[in-house]
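J.: Provided below for reference: sequence and predicted model.
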Amino acid sequence: LQHSKMKILPFTHPDVLPILQLDSSLFFPDSLAAPVNVSIRDLKGSSAVVTWDIPDGEPVIGFAITQQKKDVRMLRFIQEVNTTTQSCALWDLEADTDYIVHVQSISISGPSPLSEPLQFKTPKEAETQASKSKDEVTMEEVGQNAQLRAAELIIIVVVLIMWAGVIALFCRQYDIIKDNEPNNNKDKAKNSSECSTPEHPSGGLLRSKV
């Protein structure tokens, strides 16, 4: 009967939690090791997620979490079996409130000792709203920056295309001018030869008399 009470007391009387944690190894020498690295993430005004690690080789089939408001004897007990997950969502929390959580591993033979107590405090509603607004502003700025970059990229592409067209037109005009240069040189040479050799009206060359 005393053995049965020792297993129930951690969930009904918060004042004996530290005592049971110290003495559990005396009553359950072959029990599971307690979860380690218990931490809180995604902390909000009304919710949070508790995470933990399990020592290697432990035959864990579930977990149990004891949630308690600081200085209040009211407890919430969460238990889940047939799972190897190492996180659990806490809901319906009160803003700007201190909480204490303990985590236990569960095996076929029973629960492990309690983990080290983890204390955390939920943020105020104003802080939560400010954080949310900041995230929304950040996302809006990211969208605006993406649009500006897209517009700049389009402008750069258009300028490059225009420059390519100008260069192609210049090369074409240069080729046309270069092809016309030999014909112009031939015409100039022909005109020069005709002017340098005067002809006699009768068809013969003019000769000077001595």
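T.: All right, it came through fine.
J.: C-alpha only now, for contacts and for neighbours.
T.: Noted.
J.: hey, what's Val81 bridged with?
T.: Gly62 (DSSP bridges).
J.: can you pull the contacts of it?
T.: By Cα atoms under 8 Å, 6 or more residues apart in numbering, Val81 lies in contact with 61-63, 106.
J.: Okay, buried residues for stretch 165-175 please.
T.: Across stretch 165-175, burial judged by 16 or more other Cα atoms under 10 Å covers no residue at all.
J.: how about that stretch as PDB, C-alpha atoms only?
T.: Extracted in PDB, the C-alpha atoms of stretch 165-175 (Å, rounded to 0.1, in the frame of the first residue of the first chain):
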ATOM      1  CA  GLY A 165      21.000  46.400 -79.900                       C
ATOM      2  CA  VAL A 166      23.000  49.600 -80.200                       C
ATOM      3  CA  ILE A 167      26.300  47.600 -80.500                       C
ATOM      4  CA  ALA A 168      24.800  45.300 -83.100                       C
ATOM      5  CA  LEU A 169      23.500  48.300 -85.100                       C
ATOM      6  CA  PHE A 170      26.900  50.000 -84.900                       C
ATOM      7  CA  CYS A 171      28.700  46.900 -86.100                       C
ATOM      8  CA  ARG A 172      26.200  46.600 -89.100                       C
ATOM      9  CA  GLN A 173      26.800  50.200 -90.100                       C
ATOM     10  CA  TYR A 174      30.500  49.800 -89.800                       C
ATOM     11  CA  ASP A 175      30.500  46.700 -92.100                       C
END
